[in-house]
Structures are given as C-alpha cells and as structure tokens.
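Undergrad: I'd like to go over a predicted model; first the sequence, then the structure.
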Amino acid sequence: MAHTTDATDEHAEIREELLAVVRQFRDKEIIPNAGRYDADDVYPVELVERMKELGLFGITVPPEYGGLGLDILTYAQIVEELAYGWMSVSGFLNTHFMGCFLIKTFGTDAQKDRLLPRMATGEVRGAYSLSEPDAGSDVASIRTKAERDGDEYLVNGTKMWLTNGREAGLVVTLVRTDPDPASRHRGMSVLLVEKEPGERSGGITVGPNIHKLGYRGVETVELTFDDHRVPADMVLGGEEGQGFFQMMAAVELGRINISARAVGVAQRAFDESIRYAQQRQTFGKPIAEHQAIQFKLAEMGTKLHAARLVCYDAARRKQRGERSDLEAGMAKYFCSETCWEICQEALRIHGGNGYAAEYPIERLYRDAPLMIVGEGTSEIQKLVIGRRLLEEHAVD
Ligand SMILES: Cc1cc2nc3c(=O)[nH]c(=O)nc-3n(C[C@H](O)[C@H](O)[C@H](O)COP(=O)(O)OP(=O)(O)OC[C@H]3O[C@@H](n4cnc5c(N)ncnc54)[C@H](O)[C@@H]3O)c2cc1C
C-alpha cells in the first residue's frame, strides 16, 4: 500500500527526495547489517557517520542554524523508514530531536547559537534525561538537584535509562532547583549539560550499557553527577521552574517518534509476513490460502493503516503548534500496542522460523515491547487520554 501523503504541501518535493535517499540508505546499509549489529550489540559507528553525512541530525533544525528546517510529519516519515530497517537507528534520532526541539522552542538566543549549528551536523548529539532509578512515570519525584553556586550550578544525583547517554555531547537534564516549591511540578528546571562523549566528563560518570531484550546497538546507560558544574546560563530559556512543562512539551515529540517507529516496525513485520505466507506451503497450498492466515493479514493490514493515520495526524497537529498531548498520547498508545500485536501475529505466521534469529521477525518481536514503555507506558498514555477526554466533555 502506498503511504506517502500531502503531495501539495510546502515540503512535499524535498520530503520525497529525502525519503528516497533514506530508503536507499535503509535498503543498502541498514537492512543487510542490522542482524549482525543486533546480535553483537555493538554501536554501529558506520551507520551513525552516514546519518551525519546525509544531514539526518539536522532535519528539523531551522536553516539559519544549518539544518533542513523540515516539518514534523517529514521527520515522522523518516523515522518510520529507518525503523523499518532497524528500530535502533530511529533511536539515535529521538533524544537528539527532543533536545533540538527544546532549544529551538524555549532556548535563549545564546543557547541556540551555541548548540543548534553543531547539533544540525550531528557533531554534538543529544540525550534526554528525565528518568531516575526511583522516578519514571512519576516525573515530579526526581531527586537530582542543582544548587546555585555563583555563576554555576553544582549538580548531584543519578539519572537512569539515558538513550545515547555515552555518545551524546549534550544531555538535556531535568533537575530539581527548588527543594521547596509552591507546587509539585514547579521547582524543576532543565539544564543543558555539555559533556565529552565517553565514560567520564568533569563530574559526570557514565555507567556500562544496560543489557536489553532488544533495541540493541543504541547505548542505554545510567549517568551519575558528582558535584558536576554547569554554567548558570545553561538553564533552558534562562528561567528556573519551567523544567517540567518544557520536558513534557518535548515528550509529545518523543511520542510521535515512538508512534512513527512503531509504524515502521509493524510495516516490516507485515511485509515479511505477507511474503512468507505466499511462499510457505502446508497441506498442499500456500498458507496465505488458508482463511485463518488471511484473517490475520487482514487484521494486521487494517490496524497498520489506522496506526499510520493517527501517527501522521499527531505529527501535523504538533507541527501546527496546537496542543497535542491528547493526539500524541493516542498515537503513542495505539501505534505501540498495534505494533506489538502485529509482531506477535507475524511470529505466529512464521511458525518455527519466527523464533529463529535467521529471520527478522525474531528481532522485531524483541524490539517492539520497548515502544510500549519508552516515552511513557501505555497506562500513562491512558491516564493522559482519559483526563483530556473528561476535560473536553466536562458536565457543568
Ligand atoms: C530502553 C529504554 C530506553 C529509555 N530511554 C530513556 C531516555 O532516553 N531518557 C529517559 O529519561 N528515560 C528513558 N527511559 C525510561 C522510560 O521512559 C521509563 O522506563 C518509563 O517512563 C517507565 O518508567 P519506569 O520504568 O520508572 O516504570 P514505573 O513508573 O515504575 O512503572 C511501573 C509500572 O507501573 C505502571 N504505573 C505507574 N504509575 C501508574 C499510574 N499512575 N497508574 C497506572 N499504572 C501506573 C506503569 O505503567 C508500569 O506498568 C528508557 C527506558 C527504556 C526501557
């Protein structure tokens, strides 16, 4: 099924050109190597370097800062194509784009000038650090603190689950700046923490890679701040107390990324399944001719189509600058759960071969569950969706 959209919009031509380049990169460089990188759980330096050459780290950065200035729908479609090849590749972009978005939207001119040009080229890559060992869904319970000391902040605490945490040159970090705030969600600020890629940088220690079920090749790490000094002018937007709201605005973009990568992974599982179903024979005919398999394919194809539509709708809404917590939450919830369902069905269609690492389904099946957890679990999406629906349908 063809799934490009909006042929008449302002970015249509450049989007189609870039998507063609990305598909070529996916087919020639990602797909042939993904199995090996996944099996060895190694950081794919070559792929990241190619992504820099292709300008992928600067897709949404405004042209005046050296980026392509493209819209969020184009970003989502690129993420989808990359995830079709290997979900981990889309993970190199997500935290980076959340960082670019935060600086572009809330940063001071000095912060934009300092960081965006180097982020557009991928010279500086971004990590996004909200979670802690004892705080994930409950963001307001973070403990990492930043105390003002002259022109600097002294940062102490432990952050958890940092995707791209080792290779990043910038960690967008949520910290507590006011130990006694008027409300639970005030008192937190975002610090733009620059560091050298690697294990140690100033008072920062990066832990070993967390060994994961899937989403391999992308490092996910713990990061500890021990009296680490950050210049005071690196508070995002120059104002304390805005951190929770700023990070939540970026999470909406992260949820669109997850939705898009879920669509990409689900499309791959579907394509592999429909091909396999027409080749594999049982009881004298291709399994695709058994109605039970056709029903599976029909359900998979229908849900995949719906997932793509909600994902693109959320991307467009965010691009228009409209409030999009409801749509991003719905897209994230629906796309991630649908992807997981489609991967399970794909495994069934592949029979024993679905369980063999030789076939891509085995990897898709391990990668898919991350999307139910990352950027807020399905339960948290349902809380967001439920709250917003009740708000919209309030009875006087
Ligand atoms: C591979 C990977 C990469 C990640 N990358 C990053 C990253 O780059 N940056 C970052 O900041 N974080 C990252 N995370 C963390 C991720 O965002 C959190 O794991 C996620 O938000 C869930 O938080 P938690 O693990 O603390 O679970 P918890 O909050 O402890 O939740 C445990 C369970 O309780 C449920 N639950 C919690 N509260 C409620 C409630 N009120 N009502 C109903 N159910 C509830 C949850 O849905 C879940 O099922 C990553 C996680 C993984 C696995």
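TA: Received it, and whenever you're ready, just let me know what you need.
Undergrad: where does this structure have its least confident helix or strand?
TA: Least confident helix or strand, the chain: strand 200-201 with a mean of 90, by mean pLDDT, DSSP states H and E.
Undergrad: List of residues touching it?
TA: Identification of contacts with strand 200-201 by Cβ atoms under 8 Å, 6 or more residues apart in numbering yields 195, 206. (C-beta placed from N, C-alpha, C; glycine too.)
Undergrad: How about stretch 365-379?
TA: 87-88, 137, 163, 212-215, 251, 254-255, 257-258, 261-262, 265, 269, 329, 332-333, 335-337, 339-340, 343-344, 346-347, 354, 384.
Undergrad: give me that answer again for 6 Å
TA: The contact list for stretch 365-379 (Cβ atoms under 6 Å, 6 or more residues apart in numbering) reads 87, 213-215, 251, 254-255, 258, 262, 265, 333, 336, 339-340, 343, 347.
Undergrad: The spatially most central residue of the chain: what's its closest spatial neighbour, skipping adjacent residues?
TA: The residue lying closest to the centre of the chain (Cα atoms, centre = their mean) is Asn94, at 3.7 Å. Spatially, and ignoring its direct neighbours in sequence, Asn94 is nearest to Asn257 (4.4 Å; Cβ to Cβ, 6 or more residues apart in numbering).
Undergrad: Quick check: that neighbour is in a strand.
TA: No - counting by DSSP: H, G, I helix; E, B strand; the rest coil, Asn257 falls outside a strand, being helix.
Undergrad: who in this protein is up against the ligand?
TA: Counting by Cβ under 6 Å from any ligand atom, the residues of the chain lying close to the ligand are 95, 128-131, 136-137, 161-163, 212, 215, 220, 370, 373-374, 376-377, 379-380, 383.
Undergrad: from the chain's centre, how far out does the least confident helix or strand of the chain sit?
TA: 25 Å (Cα atoms, centre = their mean, to the nearest Å).
Undergrad: Not counting residues beside it along the chain, what's closest to Met371?
TA: Spatial nearest neighbour of Met371, excluding adjacent residues (Cβ to Cβ, 6+ apart): Ser336 at 3.8 Å.
Undergrad: ok, that neighbour - contacts?
TA: 262, 371-372.
Undergrad: do Ala328 as well
TA: Ala328 neighbours (Cβ under 6 Å, 6+ apart): 252, 255-256, 314.
Undergrad: Could you break this protein into its assigned domains?
TA: For the chain, automatic domain parsing gives the domain ranges 12-121, 126-242, 245-392.
Undergrad: Quick one: distance of the second one to the chain centre.
TA: So that's domain 126-242. 18 Å.
Undergrad: and the residue of the stretch 201-350 of the chain found nearest the ligand, how many neighbours?
TA: Relative to the ligand, the nearest point of the stretch 201-350 of the chain is Thr220 (4.6 Å; Cβ to the nearest ligand atom). For Thr220, the count of nearby residues is 21 (other Cβ atoms under 10 Å).
Undergrad: give me phi/psi at it?
TA: phi -120, psi 120 (degrees, to the nearest 10).
Undergrad: top of the contacts of Ser336 by neighbour count?
TA: Busiest of the contacts of Ser336 [other Cβ under 10 Å] is Ala262, holding 35 neighbours.
Undergrad: List the contacts of it.
TA: 335-336, 339, 371.
Undergrad: sec struct for it, please.
TA: Going by three-state DSSP: Ala262 is helix.
Undergrad: would you list every one of the strands in the protein?
TA: With strands called from DSSP state E, the chain shows them at 126-129, 145-149, 152-163, 170-176, 188-194, 200-201, 204-206, 220-231, 281-282, 285-286.
Undergrad: Adding distance to Ser324, write these out as a markdown table.
TA: A markdown table is the format used below for those (distance: least, Cβ to Cβ, whole Å):
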| stretch | distance to Ser324 |
| --- | --- |
| strand 126-129 | 18 |
| strand 145-149 | 29 |
| strand 152-163 | 22 |
| strand 170-176 | 20 |
| strand 188-194 | 20 |
| strand 200-201 | 35 |
| strand 204-206 | 33 |
| strand 220-231 | 26 |
| strand 281-282 | 46 |
| strand 285-286 | 43 |
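Undergrad: among the ones you listed, where is the model least confident on average?
TA: Per-stretch mean pLDDT for the strands of the chain is lowest at strand 200-201 (a mean of 90).
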